[in-house]
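# what's the 3D shape of this:
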Amino acid sequence: MNILLATVQVPFVRGGAEILAESLLGALRGAGHRAEIVAIPFKWYPAEVIPDQMLACGLLDVSDFNDCRVDKVIGLKFPAYLIPHPRKTMWLMHQHRQAYDQWGTQFGLNNDPMGAQVKEVIHRADKKLFSESGDIYTIAGNVSQRLRHYCGVESRPLYNPPAGAELYTCDAAGDYFFFPSRVDLVKRQSLVIEALAKTRQPVRVRFAGAPTSESQMKSILQLVARFGVEDRIQWLGSVSEEDKRALYAQSLGVVYPPLDEDYGYVTLEAMLASKPVITCTDAGGPLEFVVDEETGIIAESDPASLADAMDRLWLDRKVAARMGLAGRARYMGMDITWDHVVSTLLR
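Presented below is the predicted three-dimensional model:
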């Protein structure tokens, strides 16, 4: 079968969405199919340029290339999932969240003079697309819930494994929690920094990941200085996959409190490494995997509650280890495999 994966690429930015598309590509090829990624450059500001990009995607003809017929398109991200094809399956990473759940926040289209008009254009296009679609899958239950809430559309979560899932191991716990993620407001490194200032134990955190922007990194470092926790934090920046797995393996546990995350590979990677996960009640995707007091701790999204969770595991290493093992067992029982993903999407 000849298959195209329709997604977008913000130049110079790489994260979970890019890894997912590349991993799906590899899984499809490994199953004997011809597959390619069609990545549309996407710029979301100013808001007035978004409808033009939607129109461009809607006008693309991807039915065949050089007499090679495209048998199926798998739509992954807005606005690339608007590319038409008679046999298109949706596996939704997320909609344009600035027009949905982030509307009315500092991240939403409401902050742009044309935001309200563009939001309506996006809503109309999405509702039309989804009403005409057959099977609709999402990468997580949190994405399905948003789709149901805002568009009245039912969908099925279809979980995929992190890259190199089979390579994660567990070593003896060191004296640090690990927080791997790009430095960004929605990942909430700032919340962990504030929590560190309230811990009663000498808790340490190692952060790995590049900043979304220099200004965000500057703000984070200013916050570290303000709370006086420089000696309890290590900034590693971008690390290799091998080093990342070693950092998981040797950590006491993983701290991951993003704001309403779609899915979150960090949670799954921690479970594969048999490490407990500390997250928050409004983290979104991680809550589909973390069982409170069994595979980790679900704290309130405030510094004091997060500090208490870190203190508890810092003091009781046996409980942390037990939670980590329970997390790996939970992952193994959920059939999170690329074979399952491919067979489902190609039905």
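
# how far is the longest helix along the chain from where the chain is centred?
Scanning the chain for the helix with the most residues, using DSSP state H, yields helix 115-132. Relative to the centre of its chain, helix 115-132 is centred 23 Å away, using C-alpha atoms, centre = their mean, to the nearest Å.

# Report the rounded mean pLDDT for it.
The predicted model assigns helix 115-132 a mean pLDDT of 95.

# May I see the buried residues of it?
Within helix 115-132, the residues that count as buried by 16 or more other C-beta atoms under 10 Å are 115, 118-119, 121-123, 125-126, 129-130. All C-beta atoms are positioned from the backbone trio N, CA, C, and that covers glycine.

# Could you count how many residues lie near the residue lying closest to A47 once chain neighbours are set aside?
Ranked by C-beta to C-beta, 6 or more residues apart in numbering and with sequence neighbours excluded, the top spatial neighbour of A47 is D112, at 3.9 Å. For D112, the count of nearby residues is 18 (other C-beta atoms under 10 Å).

# so what's D112 up against?
D112 is in contact with 45-48, 118, counting by C-beta atoms under 8 Å, 6 or more residues apart in numbering.

# That one and H33, how far apart?
Separation of D112 from H33 (C-beta to C-beta, to the nearest Å): 40 Å.

# host element of V254?
Here V254 is covered by strand 253-255, with elements defined by DSSP states H and E.

# per-residue confidence averaged over the very next helix or strand once past that strand?
Next helix or strand after strand 253-255 toward the C-terminus (DSSP H and E): helix 265-272. The pLDDT scores in helix 265-272 average 97.

# could we number from 22 for the rest of this?
New numbering, starting at 22: the last item is helix 286-293.

# quick one: contacts of helix 286-293?
Against helix 286-293 from outside (C-beta under 8 Å, 6+ apart): 37, 40, 182-184, 186, 189, 199, 201-202, 265-266, 269, 274-275, 277, 297-298, 300, 306-307, 310-311, 316-317, 345, 348-349, 351-352, 357.

# Output stretch 153-168 in CSV with nothing but the alpha carbons.
Backbone C-alpha positions of stretch 153-168 (Å, rounded to 0.1, in the frame of the first residue of the first chain) are rendered in CSV as follows:
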residue,chain,number,x,y,z
GLU,A,153,-17.3,13.6,6.7
SER,A,154,-14.6,11.3,8.1
GLY,A,155,-14.9,7.6,8.7
ASP,A,156,-12.8,6.2,11.5
ILE,A,157,-11.3,8.9,13.7
TYR,A,158,-8.5,8.0,16.1
THR,A,159,-6.5,10.2,18.4
ILE,A,160,-3.1,9.8,20.2
ALA,A,161,-4.7,10.0,23.6
GLY,A,162,-7.9,10.1,25.6
ASN,A,163,-7.3,13.7,26.4
VAL,A,164,-7.4,14.6,22.7
SER,A,165,-10.6,12.5,22.3
GLN,A,166,-12.2,14.3,25.2
ARG,A,167,-11.5,17.7,23.6
LEU,A,168,-12.8,16.6,20.2
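
# what's the offset of that stretch from the middle of its chain?
For stretch 153-168 - counting by C-alpha atoms, centre = their mean - the centre lies 15 Å from the chain centre.

# Ok, stretch 290-297 next?
Distance of stretch 290-297 from the chain centroid (C-alpha atoms, centre = their mean) equals 16 Å.

# try stretch 92-107
20 Å.

# May I see the buried residues of it?
93-104, 106.

# Also stretch 156-169?
By 16+ other C-beta under 10 Å, the buried positions in stretch 156-169 come out as 157-165, 167-168.

# same question, stretch 246-258
Neighbour-count burial for stretch 246-258 flags 248, 250, 253-254, 256 (criterion: 16+ other C-beta under 10 Å).

# now, which of the residues you listed lie within helices?
Going by DSSP H, the helices hold F248 from the buried residues of stretch 246-258.

# Quick one: the buried residues of stretch 246-258 as JSON lines, columns for distance to I58 and pLDDT too.
JSON lines is the format used below for the buried residues of stretch 246-258 (distance: C-beta to C-beta, whole Å; pLDDT from 0 to 100):
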{"residue": "F248", "distance to I58": "42", "pLDDT": "95"}
{"residue": "V250", "distance to I58": "41", "pLDDT": "95"}
{"residue": "R253", "distance to I58": "41", "pLDDT": "96"}
{"residue": "I254", "distance to I58": "36", "pLDDT": "96"}
{"residue": "W256", "distance to I58": "32", "pLDDT": "94"}
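
# now for the buried residues of stretch 246-258, which pair is the farthest apart?
F248 and W256 (14.8 Å; C-beta to C-beta).

# low-confidence ranges in the protein?
Per-residue confidence of the chain (counting by pLDDT under 70) places no residue in a weak region.
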